[in-house]
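Student: build the 3D model from these lines:
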Amino acid sequence: MPNVVFREARIPDFEQIHALNHRVFAEEIGQHHTAPDGLLVDRFHAQNRYFVAVREGVVVGMISGHAGPMFSVTRRLPDASLLDGFPKPLEVRLLAIDPGERDRTVLAGLLWQIYDYAVSGGFSHLLISGIEERERMYGKLGFRALGPGVAEGAAKFIPMALSLSEQMRANRVRVQLHERRWRRHNAGPEAISLMPGPVRIHPRIERAFHASAVSHRSDGFVERFEAVRERLRGLAGGLDVAIFPGGGTLANDVVAANLKAAFAERQGLVLANGEFGERLVRQASAAGLRFDALRWAWGKAWSIDAMRDAMARGPAWVWGVHVETSTGVLNDAEALVYLAQATGAAVALDCVSSLGAVAIPEAGLTPMLTSGVSGKSLGSYAGLAFAMRSGDWSARFGRAPLCPTFDVDRMIEARGPMSTVPSSSLGALEAALEQYYGCEYAMARRFEQYAALGKRVRRELRAAGIKPIAGEANAAPNVTSFELPPGSPELCREAGFQIAHASCYLQAQGWGQIATMGDFGDGTDGSLDALFGALRAAERIVTEHSLVG
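Tutor: From the prediction side, this is the model:
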């Protein structure tokens, strides 16, 4: 059975809250008269902050709090002036749990939510009208009676209060224990990653990653290392491949260092239409390269005409991002290679997100230098970086000396790794290449699956009323950025998915992101249906809220 999710209530929950309120306080306890529609709206509904327990979209428990100035408990007090001794009270009401869910976990989760809210809000006391039959339970929680029970309908209610400061002093260890238990329970099963890293891992690749470690200098490891390089060469349009420990930033630092070694002070060109194009601008500058930056608005693809005009000014090299991960734009790298061939410029490409998802353009007569990683579209774990270059790169340009970490020529010429490469990382990458790219047919099928899945993501977003950032003609197959409806990360998490939204560049734009990298097939197996349902719900909440407002 799926875990219960604890959270603050949202507008779509209110009808279920009113129905649970009716079932417990009208039908079961008899405090109120039953209503034909089966709904009971609390008289403090507009002031209440509701916290709920939800299982598979159904509200199975609730609790509420409100800060006054009118309190329900007042009419049950023998002397209303008793409340004057409480500096900042919070009244806790409507603790109701579906009969089939009445266990310690649900009760503890609801109580913890209201306790956490009260402490965070600086409240001094909790006030309740406790059902007389449950006085002992409330006493164990720290509540003390303020007067005798008062009849209301078929039930009797005792006015009670709990001092939060005393509770925290007397039961600090117990409170911390309850907090850890509740948070561990509420974390639920691990969410499926729809981040551009870490990606969803196939069980075969996971098993390979956890195999026993072997020396990176052993003959068997070197043989596997060279076989992996050859597989990557086929994915990289025939470019020679250097493999070294690191991520995408390091891979592009290596590219920058090799551009500097080859071209020294000769002028280049950097293309930028998103965060990672801007990162190339920063890396080129840090490497001491001389260059002009050609920029477009985020979400727009490279303009062929603008590139042609810039290339006509004769840059020695040009560097850009193939799949701009921040916006979900697939830039026209083939057109760039064609223009560079006509002018004699060298091309450097950031293929960190594109390698394994789309074809890398053939170099032909154009000198090329590209970057890639193991942990994105290839479907393996992060940890290995690649620099890939055409065979005549050094012969054509020569190079200044480089430190071993950046020396792509020496890494390509060497048999086996130049520095320590963990066998776990290589084994996982090897398994991923065998799983998805074992032959030309498998490679083509993998590209088709990525394309089909990307189209479905964008289609579902548009059907939900959510706008993808990239136009369809220039959309990347494996990452989609979109205008983020408020609350959608939480709804997606409840549905079992983690979407990207916390990066500074996404927050600055108000965007979310779905990266379908790794083990997803073509998305027709129904595994993403709950994700799209959550996004539709998020957009519906926004629409309903705007109508109410």
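
Student: now the end-to-end length of stretch 380-392.
Tutor: Its first and final residues considered, stretch 380-392 spans 30 Å by Cα to Cα, to the nearest Å.

Student: buried sites along that stretch?
Tutor: For stretch 380-392, burial by neighbour count (16 or more other Cβ atoms under 10 Å) applies to Ser380, Tyr381, Ala382, Gly383, Leu384, Ala385, Phe386, Ala387, Met388, Arg389, Ser390. Placement of C-beta: from N, CA and C, glycine included.

Student: check stretch 138-150 too.
Tutor: In stretch 138-150, counting by 16+ other Cβ under 10 Å, buried: Tyr138, Leu141, Gly142, Phe143, Leu146, Gly149, Val150.

Student: swap in stretch 404-420?
Tutor: Those would be Phe406, Asp407, Val408, Asp409, Met411, Ile412, Gly416, Pro417, Met418, for stretch 404-420 by 16+ other Cβ under 10 Å.

Student: the last one: helix or strand, and which one exactly?
Tutor: Met418 is part of no helix or strand, with elements assigned from DSSP states H and E.

Student: okay, strands next: where are they in the stretch 201-350 of the chain?
Tutor: Counting by DSSP state E, counting those that start in this stretch, the segments of the stretch 201-350 of the chain that form strands are 240-246, 268-272, 291-295, 317-321, 323-324, 329-330, 346-350.

Student: deepest of those strands, which one?
Tutor: The highest average neighbour count among the strands of the stretch 201-350 of the chain, using mean count of other Cβ atoms under 10 Å, belongs to strand 323-324 at a mean of 30.

Student: and for that one, what are the contacting residues?
Tutor: 273-277, 329-331, 351-354, 357-358, 476, 478-479 (Cβ atoms under 8 Å, 6 or more residues apart in numbering).

Student: switch to 6 Å and redo it
Tutor: Strand 323-324 is contacted by residues Asn273, Gly274, Phe276, Leu330, Ser353, Ser354, Ala476 when judged by Cβ atoms under 6 Å, 6 or more residues apart in numbering.

Student: with stretch 76-92 instead?
Tutor: Taking Cβ under 6 Å, 6+ apart as the rule, stretch 76-92 contacts 65-67, 71, 74, 114, 118, 123-129, 146-147, 150, 157, 159.

Student: take those residues and keep only those in helices.
Tutor: Among the contacts of stretch 76-92, the members found in helices (DSSP state H) are Ile114, Ala118.

Student: what is the burial count for Cys351?
Tutor: For Cys351, the count of nearby residues is 30 (other Cβ atoms under 10 Å).

Student: might one say that it is in contact with Thr370?
Tutor: Yes. At 4.8 Å, Cys351 and Thr370 qualify as touching, with contact defined as Cβ atoms under 6 Å.

Student: between these two, which contacts overlap?
Tutor: The contact sets of Cys351 and Thr370 do not overlap (Cβ under 6 Å, 6+ apart).

Student: about what we covered before: out of the strands of the stretch 201-350 of the chain, which comes closest to Ala470?
Tutor: Taking Cβ to Cβ, strand 329-330 is the member of these nearest to Ala470, at 4.6 Å.

Student: average pLDDT across the closest one?
Tutor: Mean pLDDT, strand 329-330: 98.

Student: what are the contacting residues of it?
Tutor: Ala301, Val323, Ala470, Asn474, Ala476.

Student: so the nearest residue to Met70 once chain neighbours are set aside, which of the three states?
Tutor: Computed as Cβ to Cβ, 6 or more residues apart in numbering, the closest residue to Met70 that is not its neighbour in sequence is Phe44, at 7.7 Å. For Phe44, the secondary structure call by DSSP: H, G, I helix; E, B strand; the rest coil comes out as coil.

Student: burial of Phe44, as a residue count?
Tutor: A count of nearby residues for Phe44, using other Cβ under 10 Å, gives 17.

Student: His66 touches Tyr50, doesn't it?
Tutor: No. Applying Cβ under 6 Å, one finds His66 not in contact with Tyr50, separated by 9.8 Å.

Student: would you mark the buried spots in the longest helix along the chain?
Tutor: For the chain, the longest helix by residue count, based on DSSP H, is helix 440-463. Along helix 440-463, these residues count as buried under the neighbour rule (16+ other Cβ under 10 Å): 443, 446-447, 449-451, 453-458, 460-461.

Student: and for stretch 283-299?
Tutor: Gln283, Ala284, Ala287, Leu289, Phe291, Ala293, Leu294, Trp296, Trp298, Gly299.

Student: from Leu280, how far out is the fourth one?
Tutor: To Leu280, Leu289 is 10 Å away according to Cβ to Cβ, to the nearest Å.

Student: among the buried residues of stretch 283-299, which are in helices?
Tutor: Using DSSP H, the members of those that fall within helices are Gln283, Ala284.

Student: max pairwise distance over the buried residues of stretch 283-299: which two?
Tutor: Ala287 and Gly299 (27.6 Å).

Student: so which residues of the stretch 201-350 of the chain form helices?
Tutor: Under the criterion DSSP state H, counting those that start in this stretch, the stretch 201-350 of the chain carries helices at the ranges 203-209, 219-235, 248-263, 275-286, 304-311, 333-343.

Student: closest to Ala395 out of the ones you listed?
Tutor: Here helix 248-263 is closest among those (Cβ to Cβ), at 11.0 Å.

Student: contacts only, for Ala208.
Tutor: Ala208 neighbours (Cβ under 6 Å, 6+ apart): Gly427, Ala428, Ala431.

Student: now secondary structure too, for the residues you listed, in TSV please.
Tutor: Below are the contacts of Ala208 laid out as TSV (three-state DSSP):
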residue	secondary structure
Gly427	helix
Ala428	helix
Ala431	helix
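
Student: please identify which of these is nearest to Gly521.
Tutor: Distances from Gly521 to those, taken by Cβ to Cβ, are shortest for Ala431, at 16.9 Å.

Student: now that closest one. Nearest residue, chain neighbours left out?
Tutor: Distances taken as Cβ to Cβ, 6+ apart put Ala208 closest to Ala431, at 3.8 Å, once the chain neighbours are dropped.
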